[in-house]
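> can't give you the sequence, but here's the structure:
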């Protein structure tokens, strides 16, 4: 079974048109930050995940899926930032302690307001996570 969320389901412009003005501004800020950190082109996955790069991973059953190396979703309540290797890596953990106000999921970094975090530290976290993913999935 393949993932329902695929790349290029809608355009970046369509994604931005679905946002209120505050989230549109946040999304533009993150778009610039992610583009600089990853040196990858933004691609919308599903209807609201703005991804950068991609990797293919295998499931235990043997089938595989493709997913962004990193990305974000400008959701109404919180910005979801996808840090695919998670937060256990020492460098990422150290950077998180310097980031500012945030919460964590398994591979999601949640930020309510960009003004509450250090964007330079966020960019370093993104860059480090992409480096880890490229080392973990070198075939991509």
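Yep, it's here. Note that the coordinates shown come from a computational prediction; the quantities given were computed from them, not determined experimentally.
> Angles on the backbone of the residue nearest the centre of the chain, please.
With distances taken as CA atoms, centre = their mean, the residue of the chain nearest its centroid is residue 71 (2.1 Å). Reported as degrees, to the nearest 10, the phi and psi values for residue 71 are phi 170, psi -170.
> Correct me if wrong: it contacts residue 52.
Yes. Contact criterion CB atoms under 8 Å: residue 71 and residue 52 qualify, at 5.6 Å. Where C-beta positions appear, they are placed from N, C-alpha and C, glycine not excepted.
> any common contacting residues for these two?
Contact criterion CB atoms under 8 Å, 6 or more residues apart in numbering; residues shared by residue 71 and residue 52: residue 34.
> circling back to that earlier point, for the residue nearest to the centre of the chain, which non-adjacent residue is spatially closest?
With sequence-adjacent residues excluded and distances taken as CB to CB, 6 or more residues apart in numbering, residue 71 is closest to residue 51, at 3.6 Å.
> Name the SS class of the residue of the chain positioned farthest from its centre, please.
Taking CA atoms, centre = their mean, the residue of the chain most remote from its mean C-alpha position is residue 61, at 25.9 Å. Of the three states, residue 61 takes coil under DSSP: H, G, I helix; E, B strand; the rest coil.
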